[in-house]
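J.: From the sequence below, what's the structure:
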Amino acid sequence: MSTVVSADPLRSSGLRARFRKRIPQAWRTPLGVTGAAVAALWILVAVLGPVLWPYGPLAQDFPRLEAPSGAHWFGTDELGRDVFTRVLAGAQVTVPLALLLVGLSVVVGGVLGLAAGFFGRWVDETVMRLTDLVMAFPIVILAMVVAAALGASLVNAVLAALVVSWPAYARVTRGLVVGVRTADYVLADRLLGFSALRSLRTDIVPMVVGPVLILATLDIGTATLLLSGLSFLGLGAKPPTAEWGSMVSTAVQNFDSWWLGVFPGLAILTVVMAFNFLGDALRDAVDPRTAGVLGKAETR
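T.: Predicted coordinates:
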């Protein structure tokens with residue numbers, strides 16, 4: 001019996017050690033764990049949706065402008081709707097649209113950046129001048145102009161945000177490709193008969209994915225702020241859609257009822273901070289210099 005009892009702690013400690021080795025040190029930092037947990041929580045809220053809602057987000061069955069209480073954790077709004085339910089329902093709008101915006105920006109900017117960096121010449125000049133043109137304007141102002149020209153809606157808000165978001169990915173991708181395309185292994189594969197498409201797919205894209213993924217993770221928070229800002233200005237979601245930016249905009253008209261703007265604003269804040277923490281942890285995990293520093297700190 002004594003042998004079995006003494007072996008169990010050793011076995012459990014060995015399992016913990018193997019588990020810790022499989023997870024990079026950067027993912028085990030407090031900020032990395034916190035960011036991953038909060039981001040996963042909001043994604044889960046967006047996926048589960050009505051399962052978590054205590055009431056209907058459009059139900060007007062309660063007293064108007066009631067302060068937070070046991071029955072209504074976040075209070076009620078000017079139409080008697082439960083604010084807690086609407087904040088949860090807003091996750092189904094804001095979080096997926098922010099992820100969609102970042103995904104589209106990565107695709108559009110990544111493809112153009114790959115083409116500009118790999119082929120160079122007139123392709124490079126055309127793409128880079130186009131990015132300069134877009135980035136010459138303030139991001140929010142240009143997004144407002146595009147959204148106003150297209151018309152106020154969530155789809156048009158995403159398109160307007162896409163117009164101002166893709167140049168960053170094009171520039172980063174182009175810079176990475178320019179640094180890799182003259183590497184010996186790339187030139188050797190081209191001499192062996194690799195086509196341009198195959199060389200891009202096998203030699204260059206794997207070297208670009210890491211930094212672009214880090215930028216995309218960090219940019220999810222920016223996308224959330226941009227889409228919420230457009231809705232706040234009346235260029236995105238329209239009532240009665242439960243969207244965090246439009247909820248904060250409505251709260252301005254009822255400034256004395258602090259809970260109307262505080263809780264949607266906290267939802268935006270937590271999403272932005274969570275993905276920023278997650279992006280920082282991902283950068284530290286990918287960067288070998290930072291990983292080495294973390295590893296030395298952990299062994300002390």
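J.: and the longest helix seen in the chain, which residues are buried?
T.: Longest helix of the chain, by residue count under DSSP state H: helix 83-119. Buried residues in helix 83-119, counted by 16 or more other C-beta atoms under 10 Å: 83-95, 97-99, 101-102, 104-106, 108-110, 112-118. For every residue, glycine as well, the C-beta is placed using N, CA and C.
J.: same check, this time on stretch 238-256
T.: 241, 242, 243, 244, 245, 246, 247, 248, 249, 250, 251.
J.: The fourth one reaches residue 266, doesn't it?
T.: No. In this structure, residue 244 is not within contact of residue 266 by C-beta atoms under 8 Å, at 9.5 Å.
J.: now the residue nearest to residue 148 when sequence neighbours are not counted, what's its secondary structure?
T.: Nearest residue to residue 148 in three dimensions, chain neighbours excluded: residue 235, at 6.2 Å (C-beta to C-beta, 6 or more residues apart in numbering). Under DSSP: H, G, I helix; E, B strand; the rest coil, residue 235 falls in the coil class.
J.: can you check the one 3 residues further on too?
T.: Under the three-state scheme (three-state DSSP), residue 238 adopts coil.
J.: residues contacting the residue lying closest to it once chain neighbours are set aside?
T.: Excluding the flanking residues, the one nearest residue 238 by C-beta to C-beta, 6+ apart is residue 152, at 6.5 Å. Residue 152 makes contacts with 234, 235, 236, 238, as judged by C-beta atoms under 8 Å, 6 or more residues apart in numbering.
J.: Weed out the non-buried ones from those residues.
T.: Taking 16+ other C-beta under 10 Å as the criterion, what is buried in the contacts of residue 152 is 235, 236.
J.: Skipping adjacent residues, who's closest to the residue nearest to the spatial centre of the chain in space?
T.: Nearest to the mean C-alpha position of the chain, by C-alpha atoms, centre = their mean, lies residue 220 at 1.9 Å. Leaving aside its sequence neighbours, residue 220 sits nearest to residue 275 (C-beta to C-beta, 6+ apart; 4.1 Å).
J.: just for this protein, where's the confidence low?
T.: The chain contains residues with pLDDT under 70 at 1-28, 189-190, 196, 287-300.
J.: now the helices for it?
T.: Under the criterion DSSP H, the chain contains helices at 2-22, 30-48, 83-119, 121-135, 139-150, 154-180, 184-191, 196-199, 205-232, 244-252, 259-286, 288-299.
J.: Of all these, which one comes closest to residue 58?
T.: Nearest to residue 58, of all those, is helix 83-119, at 8.7 Å by C-beta to C-beta.
J.: name the helices or strands packed onto that closest one?
T.: If you count contacts as 3 or more C-beta pairs under 8 Å, 6 or more residues apart in numbering; DSSP states H and E, helix 83-119 packs onto helix 30-48, helix 121-135, helix 154-180, helix 196-199, helix 205-232, helix 244-252, helix 259-286.
J.: just the angle between that helix and helix 205-232, please?
T.: Interaxial angle, helix 83-119 versus helix 205-232 (axes from the mean of the first three to the mean of the last three C-alpha atoms, to 10 degrees): 140 degrees.
J.: what about helix 83-119, distance to the chain center?
T.: Offset of helix 83-119 from its chain centre (C-alpha atoms, centre = their mean, to the nearest Å): 7 Å.
J.: how far off helix 184-191 does that helix point, in degrees?
T.: Interaxial angle, helix 83-119 versus helix 184-191 (the same axes, to 10 degrees): 60 degrees.
J.: and the helices of the chain as a markdown table, adding distance to residue 64?
T.: Output for those, formatted as a markdown table (distance: least, C-beta to C-beta, whole Å):
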| stretch | distance to residue 64 |
| --- | --- |
| helix 2-22 | 52 |
| helix 30-48 | 26 |
| helix 83-119 | 12 |
| helix 121-135 | 44 |
| helix 139-150 | 31 |
| helix 154-180 | 27 |
| helix 184-191 | 66 |
| helix 196-199 | 61 |
| helix 205-232 | 22 |
| helix 244-252 | 13 |
| helix 259-286 | 11 |
| helix 288-299 | 52 |
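J.: which one of the ones you listed lies closest to residue 54?
T.: Nearest to residue 54, of all those, is helix 83-119, at 5.9 Å by C-beta to C-beta.
J.: circling back to that earlier point, which phi and psi does the residue nearest to residue 238 have?
T.: Dihedral angles of residue 152 (phi, psi; degrees, to the nearest 10) stand at phi -80, psi 110.
J.: how near is it to residue 235?
T.: 5 Å (C-beta to C-beta, to the nearest Å).
J.: And residue 202, by the same measure?
T.: Per C-beta to C-beta, residue 202 is found 43 Å from residue 235.
J.: Could you verify my assumption that residue 284 touches residue 29?
T.: Yes. Taking C-beta under 8 Å as the definition, residue 284 is a contact partner of residue 29 at 7.4 Å.
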